[in-house]
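Student: next come a sequence and a model predicted from it.
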Amino acid sequence: MTLEFADDYRRRHFSTLSCALTLLALFLALFPLSAPAQESPYMVTYDHYLEEPGSLEVEYFSTFGTQRGGPDFHAYWAEFEYGATAWWTTELYLDGQTTFGDSTVFTGFRWENRIRLLQREHFVNPVLYIEYEQTNGADKILKEVEGHDVEADYAVPNAIARQEHDHEMEFKLLVSKTFNGWNIAENTIATKNLTGGNPWEFGYAIGASRPLALKASAKRCSHCRENFIAGVEMYGGLGDRYSFGLHDTSHYLAPVVAWNLPSDWTLRFSPGFGLNDNSHRLLIRWGVSREFSGFGATVARLLGAH
């Protein structure tokens, strides 16, 4: 897809998509019943579901981003997500990126924790997200957008950007609800860089998704409609404590789709479109993950054998 096409697509369809999202939210509010959880298709937004206790999920994700002020890039990260308890999931990220015509660099690590505040399903289900990040300025995975992050920030050459070292604490309140197969999720983001005197920065992410079919097939299959979940998410920055709001911020709208295979593999894909001149015109994300049930029990047995 060319940059010109992506820009034209954004101008012609953003108003239509905004109206559709508003109507969708009003429509979903009419459904009163709940439905079982499935693997989320979101690439940025979090819902309220945690990893199964004792299970390990290994994931790989990529982001291809266009750059008007510099070369395009391919950022990637590995995730190791473990269900410590029924109310606590912990996760380690390892980040890297390749900027075309520049170099490939390792950009840091993140330690994420999600804590479910209410153990049973309620009308809304809050989860507290706490993450420590130790990254450098060349990090481009764009796992979230916050503060006054804009496209121009990512055009700095790697040799210069990697000299900046960031130690950040990131907090999110994840609110999510699933009913009649639909999931609606909203994330409120607050980040504090522990190096220097940088102010608190804020951002958001919202998403809606649903399986293509709710009724499971009688036979085990890979291509059944219930194995596919489609949706849309929107995310962006909300400034900082001194200049809160939409001024000098970037925002994205992205359809999302996930294919959950019976073998515990999940494939995800999402083309994202920048919604203003501060945003990358195009972000293409994809990922693959595999869940290993009973990982904790297996490790405990191996250690107990000695």
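Tutor: Received the coordinates, thanks.

Student: Glu57: neighbour count?
Tutor: Applying other C-beta atoms under 10 Å, we find 22 residues neighbouring Glu57. In short, each C-beta sits where N, CA and C put it, glycine included.

Student: ok, it touching Glu51?
Tutor: Yes. Taking contacts as C-beta atoms under 8 Å, Glu57 lies within contact range of Glu51: 5.9 Å.

Student: between those two, which contacts overlap?
Tutor: 81-82, 291 (C-beta atoms under 8 Å, 6 or more residues apart in numbering).

Student: which of those residues fall in strands?
Tutor: 81-82, 291 (DSSP state E).

Student: helices of the stretch 201-306 of the chain, start to end?
Tutor: 295-304 (DSSP state H, counting those that start in this stretch).

Student: repeat that for the stretch 1-150 of the chain.
Tutor: 3-28.

Student: pLDDT weak spots in it?
Tutor: 1-38 (pLDDT under 70).

Student: any regions of the stretch 201-306 of the chain where pLDDT drops low?
Tutor: Those would be 305-306, if you go by pLDDT under 70 across the stretch 201-306 of the chain.

Student: JSON lines for the shared contacts of Glu57 and Glu51, including distance to Arg241 and neighbour count?
Tutor: JSON lines is the format used below for the shared contacts of Glu57 and Glu51 (distance: C-beta to C-beta, whole Å; neighbours: other C-beta atoms under 10 Å):
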{"residue": "Glu81", "distance to Arg241": "31", "neighbour count": "20"}
{"residue": "Tyr82", "distance to Arg241": "34", "neighbour count": "20"}
{"residue": "Glu291", "distance to Arg241": "39", "neighbour count": "20"}
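
Student: which ones are touching Leu118?
Tutor: 125-126.

Student: quick one, phi/psi of the most centrally placed residue in the chain?
Tutor: Central residue of the chain (C-alpha atoms, centre = their mean): Val44, 1.8 Å from the mean position. When read as degrees, to the nearest 10, the backbone of Val44 gives phi -120, psi -50.

Student: quick one: it from Ala218, how far?
Tutor: Note on Val44: its distance to Ala218, by C-beta to C-beta, to the nearest Å, is 35 Å.

Student: how about Gln67?
Tutor: 49 Å.

Student: tell me which of those two has more neighbours.
Tutor: Gln67 (18 against 7).

Student: chain center to the helix or strand harbouring Asn183: distance?
Tutor: Using DSSP states H and E, Asn183 maps to strand 182-193. Averaging C-alpha positions (C-alpha atoms, centre = their mean, to the nearest Å) puts strand 182-193 10 Å from its chain's average.

Student: pull out the buried residues from that strand.
Tutor: 182-191, 193 (16 or more other C-beta atoms under 10 Å).

Student: also stretch 221-230?
Tutor: 224, 226-229.

Student: list the contacts of that stretch.
Tutor: By C-beta under 8 Å, 6+ apart, stretch 221-230 touches 38-41, 209-217, 255-262.

Student: and with 6 Å instead?
Tutor: Contacts of stretch 221-230 with the rest of the structure, by C-beta atoms under 6 Å, 6 or more residues apart in numbering, involve 41, 209, 211-213, 216-217, 257-261.

Student: also stretch 172-190?
Tutor: So stretch 172-190 is in contact with 28, 31, 33-35, 45-48, 124-127, 129, 144, 146, 171, 200, 202-203, 205-211, 214, going by C-beta under 6 Å, 6+ apart.

Student: how long is that stretch end to end?
Tutor: Chord length of stretch 172-190, first to last residue, is 6 Å (C-alpha to C-alpha, to the nearest Å).

Student: going forward, begin numbering at 455 instead of 1
Tutor: Okay, residue one is now 455; in that scheme the one you just asked about reads as stretch 626-644.

Student: now do that stretch, average pLDDT.
Tutor: Averaging pLDDT along stretch 626-644 gives 96.

Student: how distant is that stretch from the center of its chain?
Tutor: That offset, for stretch 626-644, works out to 12 Å (C-alpha atoms, centre = their mean).

Student: do the same with stretch 546-553
Tutor: 15 Å.

Student: ok, and what's touching that stretch?
Tutor: 525, 527-534, 558, 560-565, 593-595, 612.

Student: need the CA coordinates for it. CSV is fine.
Tutor: Listed next in CSV are the C-alpha coordinates belonging to stretch 546-553 (Å, rounded to 0.1, in the frame of the first residue of the first chain):
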residue,chain,number,x,y,z
LEU,A,546,8.7,-9.9,30.2
TYR,A,547,9.3,-8.0,26.9
LEU,A,548,12.5,-7.9,24.8
ASP,A,549,12.4,-5.1,22.2
GLY,A,550,14.4,-4.4,19.0
GLN,A,551,14.1,-2.6,15.7
THR,A,552,15.6,-2.3,12.2
THR,A,553,15.5,1.1,10.5
